[in-house]
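Peer 1: Okay, predicted coordinates and the sequence, questions at the end:
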Amino acid sequence: MPLYLNDEQAMLRDTARDFVGTEAPVGHLRALRDAKDPTGFSRDLWRQFAEMGFTGIVVPEDQGGLGLGHVEAGVVMEEIGRNLSPSPFLTTAVAAVAGLKSTAHADTWFPRIVAGDAVIALAIDESAKHTGRVEMTAERSGNGFRLTGTKRFVHHAHVADLILVAARTENGETVFAVDPKAAGLAADPRRLADASLASEVRFDGVAVDADAVVGEVDGGRAVLNRILGAARTAAAAELVGVGAGAMDMTTAYLKERKQFGQVIGSFQALQHRAAHLYSEMEVARAAVLKAQQLLDAGDPRAAEATMVAKAMTGLATTLSVQEGIQMHGGIGMTDDYDIGFYMKRARVLAEMFGDAGHHADALARANGY
């Protein structure tokens, strides 16, 4: 498969770039942060995403979506990253759709996702770092279950219409579709470094019936793998956008900032660093596209490719934002310059669904090291 976009995908990229760049540039994030917005994103913008057809990109056509794939979803994710646009697109329109696809919940939730009328949160992590382990319990209770435990870093949980929760059952793991308003469930939203809101969600014997099960009881690892594969690849695509946006901003600054009567971009040392950064970002972009293509093809190598993509984009984008701060000089650390927003978003995204170290370790173990 060629590692570049075809004509239709390039047209989608141009459309998404124009729309997101116009409707949700970096100033949009700054305004939400300064207003201490309690939602964390604009619901009006989310409905505009739906009007553009973006929310239904990976929803099958027979359920009201566009029936496209992770490559196309990644095109939108990259533009979201490039503009630091706060949005539930990753958790709702990509990861949740992957988890709910071919389950009894799809007919209920896919039309709402397509319409921009639903926000879905992912309750996966339980510790300060992503581990992939599930310790939260789901005990049998009558015809259903009772969920007990705590999930951390659940983005959008405090305003979600549905939370997908991973829990341990008697003979494995199970994913549940839980109403955020259920008795015994409490979400405590905290503002993260990038101004986004994520919650610690506590489940104190939350009762759910058998219909809440996504897929099969004790068969949740397959559902969770679908969710994580989609989420990691989407986060990697957003990271590429964050890195590309920071790189573009830095390159523009090199062409206008003067020292000793010359633009600093004429200094060979900075040219070498900029060229190195460009190369790293292009390699990371190729890794993401490969992972997206393998996911769309249902290839068994997709799981490994998603880990490679998440690790590589974490490293490349970290380099991009760090070089951006360095080349801007001290002024890059001030709130007046947007480059600092890119560093903060990159830091949060790099941790989501496993950082570079987590995935490097997982790949090494899978290959016998």
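Peer 2: Received, thanks. Numbers count the residues shown, from 1 in each chain.

Peer 1: And the strands in the stretch 151-300 of the chain?
Peer 2: 162-169, 172-178, 185-191, 197-209, 213-214, 258-259, 262-263 (DSSP state E, counting those that start in this stretch).

Peer 1: Leaving out chain neighbours, which residue sits closest to Pro25?
Peer 2: Once flanking residues are discounted, Pro25 sits nearest to Asn83: 5.2 Å by Cβ to Cβ, 6 or more residues apart in numbering. Quick note: C-beta positions are derived from backbone N, CA and C, even for glycine.

Peer 1: Lowest-scoring secondary structure element of this protein by mean pLDDT?
Peer 2: The weakest-scoring helix or strand in the chain, judged by mean pLDDT, DSSP states H and E, is strand 258-259 (a mean of 85).

Peer 1: Now do it: distance to the chain's middle.
Peer 2: Relative to its chain's centre, strand 258-259 lies at 38 Å (Cα atoms, centre = their mean, to the nearest Å).

Peer 1: which other residues reach that strand?
Peer 2: Outside of strand 258-259, the residues within contact range by Cβ atoms under 8 Å, 6 or more residues apart in numbering are Ile264.

Peer 1: one more time with 10 Å
Peer 2: Outside strand 258-259, the residues within contact range by Cβ atoms under 10 Å, 6 or more residues apart in numbering are 264-267, 329.

Peer 1: JSON lines please, covering the residues you listed and showing distance to Phe49, pLDDT and neighbour count.
Peer 2: Converted to JSON lines, the contacts of strand 258-259 look like this (distance: Cβ to Cβ, whole Å; pLDDT from 0 to 100; neighbours: other Cβ atoms under 10 Å):
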{"residue": "Ile264", "distance to Phe49": "38", "pLDDT": "88", "neighbour count": "18"}
{"residue": "Gly265", "distance to Phe49": "36", "pLDDT": "87", "neighbour count": "18"}
{"residue": "Ser266", "distance to Phe49": "41", "pLDDT": "86", "neighbour count": "12"}
{"residue": "Phe267", "distance to Phe49": "42", "pLDDT": "91", "neighbour count": "14"}
{"residue": "Gly329", "distance to Phe49": "36", "pLDDT": "87", "neighbour count": "13"}
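
Peer 1: how about those, which pair is most distant?
Peer 2: Spatial extent of those (Cβ to Cβ) is set by the pair Ser266 and Gly329 at 16.2 Å.

Peer 1: and stretch 164-178, how far out from the chain's middle?
Peer 2: Using Cα atoms, centre = their mean, the offset of stretch 164-178 from its chain centre is 22 Å.

Peer 1: And it, what's buried?
Peer 2: 164-169, 173-178 (16 or more other Cβ atoms under 10 Å).

Peer 1: With stretch 52-66 instead?
Peer 2: So stretch 52-66, judged by 16+ other Cβ under 10 Å, has buried residues 52, 54-60, 63, 65-66.

Peer 1: try stretch 352-369
Peer 2: Across stretch 352-369, burial judged by 16+ other Cβ under 10 Å covers 352-356, 358-360, 362.

Peer 1: Tell me the strands beside the least confident helix or strand of the chain, with direction?
Peer 2: Within its sheet, and counting by DSSP bridges, strand 258-259 is paired with strand 262-263 (antiparallel).

Peer 1: Quick one: mean pLDDT for the partner strand?
Peer 2: Per-residue pLDDT values over strand 262-263 give a mean of 92.

Peer 1: Renumber starting at 781 from here on
Peer 2: Sure, I'll start numbering at 781, so the last one becomes strand 1042-1043.

Peer 1: what comes into contact with that strand?
Peer 2: When contacts are defined by Cβ under 10 Å, 6+ apart, strand 1042-1043 is touched by residues 1033-1037, 1050.

Peer 1: again, only using 6 Å
Peer 2: Outside strand 1042-1043, the residues that touch it by Cβ atoms under 6 Å, 6 or more residues apart in numbering are Lys1035.

Peer 1: if we can go back for a sec, among the strands of the stretch 931-1080 of the chain, which is nearest Ile893?
Peer 2: When these are compared by Cβ to Cβ, strand 942-949 sits nearest Ile893, at 9.8 Å.

Peer 1: picking up where we left off before, could you work out the most separated pair of the buried residues of stretch 1132-1149?
Peer 2: Checking the buried residues of stretch 1132-1149 with Cβ to Cβ, the most distant pair is Met1132 and Ala1140, at 16.1 Å.

Peer 1: ok, Ala947 touching Met916?
Peer 2: Yes - if you go by Cβ atoms under 6 Å, Ala947 and Met916 touch, sitting 4.5 Å apart.

Peer 1: So which residues of the chain form helices?
Peer 2: With DSSP state H as the criterion, the chain has helices at 787-803, 806-814, 823-831, 850-863, 877-880, 886-894, 1000-1036, 1048-1077, 1082-1108, 1119-1131, 1136-1146.

Peer 1: Show me what the shortest one is packed up against.
Peer 2: Using 3 or more Cβ pairs under 6 Å, 6 or more residues apart in numbering; DSSP states H and E as the contact test, the elements touching helix 877-880 are helix 1000-1036.
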